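A.B. asks: what's the 3D shape of this:
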Amino acid sequence: MAESSTPAKVELLATKTVQELLTEGELLVPPQKFILKDGIPLPNASVELMDVPVIDLGLLTPSSFSVEELDKLRSALTTGCCFHVINHGMTPEFLDKVREITKQFFAIPVEEKQKYLRPVDDYEGYGNDMVLSEQQTLDWTDRLYLTAYPPDQRRLKFWPENPKSFRDTLDQYTSKLQVITETVLKGMAWSLNLEEDCFLDKFGEQGKMDARFNFYPPCSRPDRILGFKPHSDSSIITIVLQDNEVEGLQFLKDDQWFRAPIVPEALLINVGDQVEILTNGLFKSPVHKVVINGEKERISLAVFCFPDSETEIKPFESLINESRPRSYKKMKNYGDIFFEYYQQGRRPIEAAII
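C.D. replies: Residues are numbered from 1 along each chain as shown. Prediction:
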């Protein structure tokens, strides 16, 4: 889930993390505030596996360009799907290291993690998401949310010093994602016969990368809760490193939910709402959610790529014509409305549709 760094509303109250609730006693039934309300479809971890294309990033570079690979990318994006990328410049051993620091952080004592606790009315830090309403259904997840890029926007007081390799590993990972982001955004432009840097220019020199480390404890009633409720991301693109053993991520396609497969050596990428607006709806920002395992914990790391909040987002003029008229309004500060819409079970892109 992509979040905004500027809360739109005042938080009502702080709540305990899921890990805190679990350490206080054996929970046979999740607290009522986590139980899905009537009218929300109950989760099903056994839905059909999704066919997710695997894109070789090495074949989307000028020196080794493949029309077939570009067609795969365009097909994935126009059908509202995600895609895996391989040949991305990171070894399987390094990806496992990133997974390991995630697991190690959430495994340290609660008291130590609270040094990085998210302040009230702020998104960044450790804990759970903001509670804006007493009627809000909470997600069964704890998270550590950090601005990772640009470096001058990092708030290091929230960056864990335990495990000791955490900061350096995240710095390395972010640097490698910058190269991946540039390759993917250029490939997206080529696939639509647009100027090579059109998406990159919108991401801009002041574009942000926010890292969200997710921890999903097992739950005795996985059929009544969600790790994340259905949503689409407010980002330009989102890059996800999945757990290499436990599934949980699901995507909505053609009004049907599908499980996202695990490819341990790959990164999973989906576009966010801002690309759907820029492409006038040609590329679809997919709706997704996270289901909980009844027996095993699950981790993931999602990195959201945002343009500067003052960047104007509107459909590219070359993608507007008589057969495809303008479908979206001009937007700024798009990420700021995300969380309020999310907690209402709505997509913020509704605010942009003409």
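A.B. asks: From now on I want contacts and neighbour counts done on CA atoms only, so please keep to that.
C.D. replies: Noted.
A.B. asks: residues contacting the spatially closest residue to residue 308 that is not a sequence neighbour?
C.D. replies: Leaving aside its chain neighbours, residue 308 sits nearest to residue 207 (5.1 Å; criterion: C-alpha to C-alpha, 6 or more residues apart in numbering). Counting by C-alpha atoms under 8 Å, 6 or more residues apart in numbering, residue 207 makes contact with 149-150, 305-308.
A.B. asks: shouldn't residue 262 be in contact with residue 244?
C.D. replies: Yes - with contact defined as C-alpha atoms under 8 Å, residue 262 reaches residue 244; the gap is 6.4 Å.
A.B. asks: that older thread, okay if I get the contacts of residue 207 as TSV plus neighbour count, pLDDT and distance to residue 166?
C.D. replies: Listed next are the contacts of residue 207 as TSV, based on neighbours: other C-alpha atoms under 10 Å; pLDDT from 0 to 100; distance: C-alpha to C-alpha, whole Å:
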residue	neighbour count	pLDDT	distance to residue 166
149	19	96	15
150	15	94	17
305	25	96	21
306	27	94	23
307	26	93	26
308	18	88	26
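A.B. asks: quick one, phi/psi of residue 145?
C.D. replies: Per-residue torsions, residue 145: phi -110, psi 120 (degrees, to the nearest 10).
A.B. asks: Name whatever forms a beta bridge with it.
C.D. replies: For residue 145, the beta-bridge assignment (DSSP bridges) gives partners residue 125, residue 212.
A.B. asks: about what we covered before: if we only consider the contacts of residue 207, which is nearest to residue 342?
C.D. replies: Closest to residue 342 out of those is residue 306 (17.5 Å), distances taken as C-alpha to C-alpha.
A.B. asks: give me the number of residues near residue 62?
C.D. replies: 9 (other C-alpha atoms under 10 Å).
A.B. asks: where's it relative to residue 266, distance?
C.D. replies: 22 Å (C-alpha to C-alpha, to the nearest Å).
A.B. asks: same thing with residue 160?
C.D. replies: 26 Å.
A.B. asks: For the two, work out which one has more neighbours and name it.
C.D. replies: Counted by other C-alpha under 10 Å, residue 160 and residue 266 do not tie: residue 266 has more neighbours, with 24 against 20.
A.B. asks: what's in contact with stretch 258-265?
C.D. replies: 45-52, 84, 86, 91-92, 95, 242-245, 247-252.
A.B. asks: Restricted to buried residues, select the residues you listed in PyMOL.
C.D. replies: Selecting only the buried entries of the contacts of stretch 258-265 in PyMOL, with 16 or more other C-alpha atoms under 10 Å as the criterion:
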select buried, resi 45+50+52+84+86+95+242+243+244+247+248+249+250+251+252
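A.B. asks: mind listing which of the contacts of stretch 258-265 are in strands?
C.D. replies: 84, 86, 242, 249-252 (DSSP state E).
A.B. asks: which one of these sits closest to residue 109?
C.D. replies: residue 242 (23.7 Å).
A.B. asks: As a check, name the ranges of all strands in the stretch 51-200 of the chain.
C.D. replies: 54-56, 83-86, 125-127, 142-149 (DSSP state E, counting those that start in this stretch).
A.B. asks: Can you say which of these is packed in most?
C.D. replies: strand 125-127 (a mean of 26; mean count of other C-alpha atoms under 10 Å).
A.B. asks: Adding distance to residue 164, write the strands of the stretch 51-200 of the chain out as CSV.
C.D. replies: Shown next, in CSV, are the strands of the stretch 51-200 of the chain (distance: least, C-alpha to C-alpha, whole Å):
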stretch, distance to residue 164
strand 54-56, 33
strand 83-86, 28
strand 125-127, 17
strand 142-149, 16
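A.B. asks: Let me know which of those strands is the nearest to residue 18.
C.D. replies: strand 142-149 (6.2 Å).
A.B. asks: Which strands and helices lie in contact with the closest one?
C.D. replies: Judged by 3 or more C-alpha pairs under 8 Å, 6 or more residues apart in numbering; DSSP states H and E, strand 142-149 is in contact with strand 125-127, helix 166-191, strand 208-216.
A.B. asks: List the contacts of residue 137.
C.D. replies: 33-37, 343.
A.B. asks: ditto for residue 105
C.D. replies: 113, 160, 162-163.
A.B. asks: From those, list the buried ones, please.
C.D. replies: If you count burial by 16+ other C-alpha under 10 Å, the buried members of the contacts of residue 105 come out as 113, 160, 163.
A.B. asks: Closest one of these to residue 211?
C.D. replies: Of the buried ones among the contacts of residue 105, the one sitting nearest to residue 211 (C-alpha to C-alpha) turns out to be residue 160, at 13.1 Å.
A.B. asks: Fine by me, we can end here.
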